[in-house]
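Novice: just coords:
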């Protein structure tokens, strides 16, 4: 039995975006409860050379949209990477969700064999299935996981169930 490229991508990205939205709700409630400026959370990072929370959201969004664009040989929408508030990040997630929802299973038919140039890998070209399995999904979940870790590090009450989401 094979899995469709649609099932391997769109629902996976949608699930991760849903987790990121849950984190925003929890971060906002945490900031209100602790009487801290939400900008502290948006700008928090795990290490000085890592992107802040806002950057993790931007890269997760980009990872999802660019993966689907590459697989379907289409152009992804351009987002400015200028989010500075929780509301801005919510809006970014909503735009990403809308883009993800625009794909049908048929749009990804045959993309498992489409040759994809892996970004940042010296022009490496791999079949779509390898691109998704070995780069696109791990990259996307790296940023979702890092957003989770940043919020936990700041004391926000996010946990494993928030990461896994609903079944």
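Specialist: Received the coordinates, thanks. Keep in mind it's a predicted model, so treat the numbers as computed, not measured. Numbers count the residues shown, from 1 in each chain.
Novice: who touches the most centrally placed residue in the chain in this structure?
Specialist: Among the residues of the chain, residue 60 comes closest to the average C-alpha position under Cα atoms, centre = their mean, at 2.5 Å. Residues in contact with residue 60 (Cβ atoms under 8 Å, 6 or more residues apart in numbering) are 16, 17, 20, 140, 143, 144, 147. C-betas here are computed from N, CA, C, even on glycine.
Novice: Okay, and the fourth one sits in which element?
Specialist: With secondary structure defined by DSSP states H and E, residue 140 is part of helix 137-153.
Novice: Over to residue 39. Which of the three states is it?
Specialist: Three-state assignment for residue 39 (DSSP: H, G, I helix; E, B strand; the rest coil): helix.
Novice: Now for it, how many residues are close by?
Specialist: The local packing of residue 39 (other Cβ atoms under 10 Å) involves 13 other residues.
Novice: thought it was touching residue 84?
Specialist: Yes: Residue 39 lies in contact with residue 84 (Cβ atoms under 8 Å); the separation is 7.2 Å.
Novice: Surely residue 116 forms part of a strand?
Specialist: Yes: assessed with three-state DSSP, residue 116 lies in a strand.
Novice: sorry, back to before: out of the contacts of residue 60, which one sits closest to residue 54?
Specialist: For the contacts of residue 60, the residue nearest residue 54 by Cβ to Cβ is residue 147; the value is 9.4 Å.
Novice: check contacts around that closest one.
Specialist: Residue 147 is in contact with 20, 23, 53, 56, 57, 60, counting by Cβ under 8 Å, 6+ apart.
Novice: Any chance of JSON lines for those, columns distance to residue 109, pLDDT and secondary structure?
Specialist: Shown next, in JSON lines, are the contacts of residue 147 (distance: Cβ to Cβ, whole Å; pLDDT from 0 to 100; DSSP: H, G, I helix; E, B strand; the rest coil):
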{"residue": "20", "distance to residue 109": "28", "pLDDT": "98", "secondary structure": "helix"}
{"residue": "23", "distance to residue 109": "33", "pLDDT": "97", "secondary structure": "helix"}
{"residue": "53", "distance to residue 109": "36", "pLDDT": "98", "secondary structure": "helix"}
{"residue": "56", "distance to residue 109": "32", "pLDDT": "98", "secondary structure": "helix"}
{"residue": "57", "distance to residue 109": "30", "pLDDT": "98", "secondary structure": "helix"}
{"residue": "60", "distance to residue 109": "26", "pLDDT": "98", "secondary structure": "helix"}
